[in-house]
Every structure is written in structure tokens, then in C-alpha cells.
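Asker: here's my sequence, what's the structure:
(chains A and B)
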There are 2 protein chains.
Amino acid sequence: MRGGLALLTPTLQSFNLFSSPKKCLLAFSAGNGRTRSRLTSFSAMASAFKPEQARVPPPVQSPPPPVSKFMIALCQLSVTADKERNIAHARKAIMDAAEKGTQLVLLPEIWNSPYSNDSFPVYAEDIDAGGDASPSSSMLAEVARSLHITIIGGSIPERSGDHLYNTCCVFGTDGKLMAKHRKIHLFDIDIPGKITFMESKTLTAGERPTIVDTDVGRIGIGICHDICFQELAMLYAAKGAHFLCYPGAFNMTTGPLHWELLQRARAADNQLYVATCSPARDAGAGYVAWGHSTLVGPFGEVIATTEHEETTIIVEIDYSLIELRRSNLPLEKQRRGDLYQLVDVQRLNSG
Amino acid sequence: MRGGLALLTPTLQSFNLFSSPKKCLLAFSAGNGRTRSRLTSFSAMASAFKPEQARVPPPVQSPPPPVSKFMIALCQLSVTADKERNIAHARKAIMDAAEKGTQLVLLPEIWNSPYSNDSFPVYAEDIDAGGDASPSSSMLAEVARSLHITIIGGSIPERSGDHLYNTCCVFGTDGKLMAKHRKIHLFDIDIPGKITFMESKTLTAGERPTIVDTDVGRIGIGICHDICFQELAMLYAAKGAHFLCYPGAFNMTTGPLHWELLQRARAADNQLYVATCSPARDAGAGYVAWGHSTLVGPFGEVIATTEHEETTIIVEIDYSLIELRRSNLPLEKQRRGDLYQLVDVQRLNSG
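Answerer: Numbers count the residues shown, from 1 in each chain, chains lettered A, B, ... in the order given. Model (predicted):
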């Protein structure tokens, strides 16, 4: 419980770069950046390297998470051409997961529609209009509220004016839409004889990263191909994310090559949790998903994973592991801001 | 041979973002950034995202490599407390590798000395003074010249004035010292009961990244813990590196957790080759190395690896794979310079 308690208790002890875990590295601030001044008590050598300048604006320390531990469900759903069935099916999976005590449910990428450029315009919903204009997100809002859970709603094709997006909706425990992430990096790939897909034929890319403070922590959202860009994960970590969620549908070529690799790399490099959720595999579909939804811990270790069949992974996230790993190996204090800097363009411009 | 020829022949065809491999993505310029103007012929959508601004200064395209294919040797050497033996032993391994046709030899981190803070000052050499003041680097210079090969000389403890460094020397085929990389990120770790080591107790960190144009390509150098920092690899890729070499001695805790993961991540994220070279394992040593020297290809695929015993891996690097993978999945053209930018501080200031 030591780690858990430490997360919930703002501590005032002096910062010690290479303290033992018993002393605790203060990875979590008391909120609102109040502990940023601790950066000034680094060792003189570390200061010369300006680790805090390796991110521009300087990194925000992760806030104390609202819970020290919680159960997450990764619903690796089968997806069909029948949208009503897909919605009812997802609803049932969420209800089953909530019954088992999960506080956060993550759904797959494009769970209400086949994954194809032909289907996106047909299955797209007007999320902002809501109600009957968006039966998929309406269902998620309703079950989030009635079950009092947080839902990261995978993604669905979204219609907004003349544009189509690949969009993830995050619903809070009151059923309110907390955030909407539109896939930033569209999936355009051409490996002849293996996989060719051009999302940019139909979809428009999102305009901003999405990080959201939920009842179970500060979560950065990416959709599928977004995970291929290490910069997005670095940017979320610099904004104090506790974990990253990537609904994603890798395929039979990139799946075995990159799916687990990229999740583990994002987790290890940024010392936070990474959760992914794929549709179950339908070998007869036009686009065959790899499956293998996974939870990775802050040392890049696979905590729970599965094969490609329909299933729900229910597993615990223990935030004290983040603190422990950042104490073991204080990467953030070892960065060389004198040599490289990652700029969060929107955060810089908004400041 | 199509790929290989394409590397050697500056092409003038118009740039097509999602061209098939038959058309070839022009990953390699004709030199001196002459193809940078091609960035302006991106699709309008991609241009709005300013992919070329995701690196500051803008990325340098990889030059046509001087060879399309070549053999690399990773000498996973046993290391003892006997420095003379270590030098003679390394010399023999290099000569054996050259006899088998390798054009580039990579040695392990700290191959002339035990890996310990007690040993570093005792085994350290004055590389700049050379000759008898640095028998380890003198040997490397001599064999590089006599065998007409390039040597990336792992690392040795270097004494320079009052400071000690963990330093990698790169020797060209004429035996000249082409570059010296001093480990930038010192290895300070504390996992109680597992591994505790504080390089910063004795060593000073290097002041700059090291990228060098050799007879076998443009190579970025990192030493061991440097691989934990994705920023360094990104910076080398933005400088047009064809591959990255990391002499490294991960341990029995971080080895199984991170060694292969980080190599594969750096290769896949930057779409280039990554080679690592560890000392062989000595279970009786104060610091027990993980071994597992490895070559990873530009899709993050392990091309050749080994266990922990002493051995030399000899394997081919085929540069056409870089071009192919960047054509298959044009990550560099999909980055969002409107959202994030990695700044190379020294390159920016020198420009």
C-alpha cells in the first residue's frame, strides 16, 4: 500500500534524484504544477543538461491519480455489417464488464461498422447532433451514466459537415461526453501483395491531441496509426498522462510486426500504462484485424493480452507502478534538454 | 537489384507520396539536400500538416549510401580484468571477421576493462594523446588501416584532463579516427535487489550526438543507456542516418525487459537499421551483461541475434530495405509538424 498511499498524499519531502523507492521519487505533484519548483533541486550536473527543457513547454507532472488502483476492461468485440447488432453487442459486453467491477471500459477502433472506405460514409454518425443522429454514442452515454463507469468508446466513423472522421468518444461516469478524439494520423499504407489501405481517400484527419482527466486518471487518446508516431505519446506524457489508450485495428501484416512492439515502446519510453483494444478477427472481412488487445505496464511489460478471438480482458491498473518505475530509472530527469526538445505546438501557442 | 540500383542512381521522377514501390519513394537524395524541394510536391492535405516541420531544422534526406549492401560483424567479446588480453582478443576477433568479408566491425561497450566504477579510472586511456597512452584505440586504428575496414570501436573508459568518459571511437578504412562519441546519457539506475549502478559517480557525460559518414553509410552512434532516449535516435534519423550503432551492456534485469524492445522501436519508428553489440556474459562479474547482440531492420524486424556466449554475428545490411519500408509506410510524410516538433538544439544553433 505504500505506493498507493503515496499517490494520494501530496508529500513535501525534498526531492532526491536518485532516492531509493523508500524515499519515493515525487512523480506525482499535488496538482496544478505546484511541484514544478522541485525541478530546481536536481543535482547540479543534471541541471546543466536542462532535463526540464527537453519538453517545450516544460513537462507537467502527473497529478495524483483519483484512484490508486482500478479494473479496466478491453472489449475485443466481433464486428459485423449489422450496425444495430454491433451496438447491442457492445452494450452487452460493457454491461458484463461493469458487472465484474470494471471502472473503465475500452472499445475497439471502428466497432459499429466494417472497416472499409465504402462503409465509413454509410455508417457515419453525427456525434455532435447526438440522439437518433448518433445511436452508437447515445448508447455509450447511456450505459456510462447508468453503470457509473468511464467509457473510452473505441472509434466510429463520424460525420461533421462535409467531413468524415475516425472518432473516439470518451464518456464520464455521469454519461457526459468528456472528449472526442479524431484520429490525427490517417492510415495510408501500401505493401503490395500484403496490405494496401488509404484512409485519406474518405477520412479527414483530426486537428488536435486529446488528453482527458477522468475518474480513473489522466488519459491520452490515440487511434490505431496514431501509435506509430512516438511524438504523440511523448506529448501526452509531457502533459502528465497516467496512461494512454489506443483503440486500433492493426492487420495481418503490421499486427505481428508492430502492434505489441509499439505499445511496449510507448509505455517503456514514457513510463506509463498503455492499453490497446482491437476488434476480434473476422477472416472473411475485407480488412482482417490482428486482434491481440493488450495492457502494457510502465516498464514496457505485457500485463495482459489475448489472441484474436472475441473476448474481454479485465485486468487491474496499479498506479503505484508508475511511481516505482520512474524512481527506479528516472528517465525524465536524465533527458538532455540542452541537446533536444520536443515542442507541443498547440500547448506552446495556447500558453 | 531494383532497390539497390535505385539507391545508387539519383532519380529525377516527380515525387508521389503514395507511389507504389515500382515508382520508388525518393528516400535518398542526390546529396546536399538537393531533393528537399520535392517536399513541396506533397498532396495538399499532407502539406497542411507540415510534416517537414516535425523536425527543426527540417530533416535532411539520407544521402545515397556509398554501398548498396555490405557485411557487418557484431563481436560479442568476452571481457576480463587483463587489459592486454582484452586488446589482443579484440584484435583477433576483428581480423577473423575481416577475413570473412565484413566491411564494418562493431565492438561492445567497455570491451577493454571490467564494467565498474572502480575499473574505469584504472583502465582509462587518453585517446587524444594516442600511441602508448591509448593502446586500445591504437590497436583499432592499426587494424582498420591494415584490413581496410571501418571499425566502430565499442567503448572504452577515456581520460581527458580531469574527466572520465565512456567513449566510442570510429575509425575509417585509412585508420584515421573519424569520430569520438562520449556517452550522452549516463546510466544511473536503482532497482533494489535487482540492479543498482551509478555511472555518474565516476563518469562525465558527453556534450554532443555523433553522426559520421563512413565508407558504409551514415551512422549515428549511441552507447548503451543512450538507446533509452528516443529523442537521440529521432535526431540521427533527421540528420539522414542510414543506421544506428549502439555498443551496450544491458544487465540481467533491463536486458530481458528492454534490450530488444528498444532496438526494435528505434528501428521501426525511424525506419532505419539498428545494430547493437554487448560483451559476452560473465556470470562471475560484478556487473553481469545480458549479451544478445542484434541487428534489426528498418521495419523493426530482428535480422540476426544471439544468446549470451562469446560469438561474432556476421550478417548483411541491404540498404534497399530502408527505401522499401519508407515507401510502404511513409511515416516521415505523415508526421504532424503542425502539432509537434523535435528540435535538434545544436544543429539549430549551428545553422
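
Asker: show me which residues of the stretch 101-250 of chain A sit near chain B.
Answerer: Residues of the stretch 101-250 of chain A that fall close to chain B, judged by C-beta under 8 Å from any C-beta of the partner chain: A:184-186, A:188-192, A:198, A:200, A:205, A:208-209, A:225, A:228-232, A:234-235. Any C-beta I mention is one placed from the backbone N, CA and C, and that applies to glycine too.

Asker: at 6 Å what do you get?
Answerer: Applying C-beta under 6 Å from any C-beta of the partner chain, one finds that the stretch 101-250 of chain A approaches chain B through A:185, A:188-191, A:230-231, A:235.

Asker: determine the number of other residues adjacent to A:Ala280.
Answerer: 19 (other C-beta atoms under 10 Å in any protein chain shown).

Asker: what about the helix or strand harbouring A:Arg91, distance to the chain center?
Answerer: A:Arg91 is part of helix A:83-99, with elements assigned from DSSP states H and E. Mean C-alpha position of helix A:83-99 versus that of the full chain (C-alpha atoms, centre = their mean, to the nearest Å) differs by 21 Å.

Asker: so for that helix, what gets flagged as buried?
Answerer: Under the neighbour-count criterion of 16 or more other C-beta atoms under 10 Å in any protein chain shown, helix A:83-99 has A:83, A:86-87, A:89-90, A:93-94, A:97-98 buried.

Asker: ok, now stretch A:125-135?
Answerer: A:125, A:127, A:134-135.

Asker: need the buried residues of helix A:83-99 in a markdown table (columns: pLDDT and distance to A:Leu331).
Answerer: Formatted as a markdown table, those follow (pLDDT from 0 to 100; distance: C-beta to C-beta, whole Å):
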| residue | pLDDT | distance to A:Leu331 |
| --- | --- | --- |
| A:Lys83 | 98 | 44 |
| A:Asn86 | 98 | 41 |
| A:Ile87 | 98 | 42 |
| A:His89 | 98 | 41 |
| A:Ala90 | 98 | 37 |
| A:Ala93 | 98 | 36 |
| A:Ile94 | 98 | 35 |
| A:Ala97 | 98 | 33 |
| A:Ala98 | 98 | 36 |
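
Asker: tabulate these (a markdown table), appending distance to chain B.
Answerer: Listed next are those as a markdown table, based on distance: C-beta to the nearest C-beta, whole Å:
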| residue | distance to chain B |
| --- | --- |
| A:Lys83 | 28 |
| A:Asn86 | 29 |
| A:Ile87 | 31 |
| A:His89 | 32 |
| A:Ala90 | 30 |
| A:Ala93 | 31 |
| A:Ile94 | 31 |
| A:Ala97 | 29 |
| A:Ala98 | 33 |
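
Asker: so which strand or helix has the residue of chain A found nearest chain B?
Answerer: Relative to chain B, the nearest point of chain A is A:Ala265 (3.5 Å; C-beta to the nearest C-beta). Under the criterion of DSSP H and E, A:Ala265 resides in helix A:260-270.

Asker: give the next helix or strand downstream of the helix holding A:Arg91.
Answerer: strand A:104-106.

Asker: pull up the pairing partners for that following strand, direction included.
Answerer: According to DSSP bridges, strand A:104-106 has the following sheet partners: strand A:69-76 (parallel), strand A:150-152 (parallel).

Asker: what separates the shortest one from the chain centre, distance-wise?
Answerer: Between the centre of strand A:150-152 and the centre of its chain there are 11 Å (C-alpha atoms, centre = their mean).

Asker: and that strand, what's its mean pLDDT?
Answerer: The average pLDDT for strand A:150-152 rounds to 98.

Asker: next SSE after it?
Answerer: Going down the chain from strand A:150-152, the next helix or strand is strand A:156-160, by DSSP H and E.

Asker: that next one - contacts with which helices or strands?
Answerer: When contacts are defined as 3 or more C-beta pairs under 6 Å, 6 or more residues apart in numbering or on different chains; DSSP states H and E, strand A:156-160 sits against strand A:163-171.

Asker: what comes into contact with the helix or strand that comes right after the strand it packs on?
Answerer: Next in sequence after strand A:163-171, counting helices and strands by DSSP H and E, comes strand A:177-182. Strand A:177-182 is contacted by residues A:165, A:167-170, A:172, A:206, A:210, A:212, A:221 when judged by C-beta atoms under 6 Å, 6 or more residues apart in numbering or on different chains.
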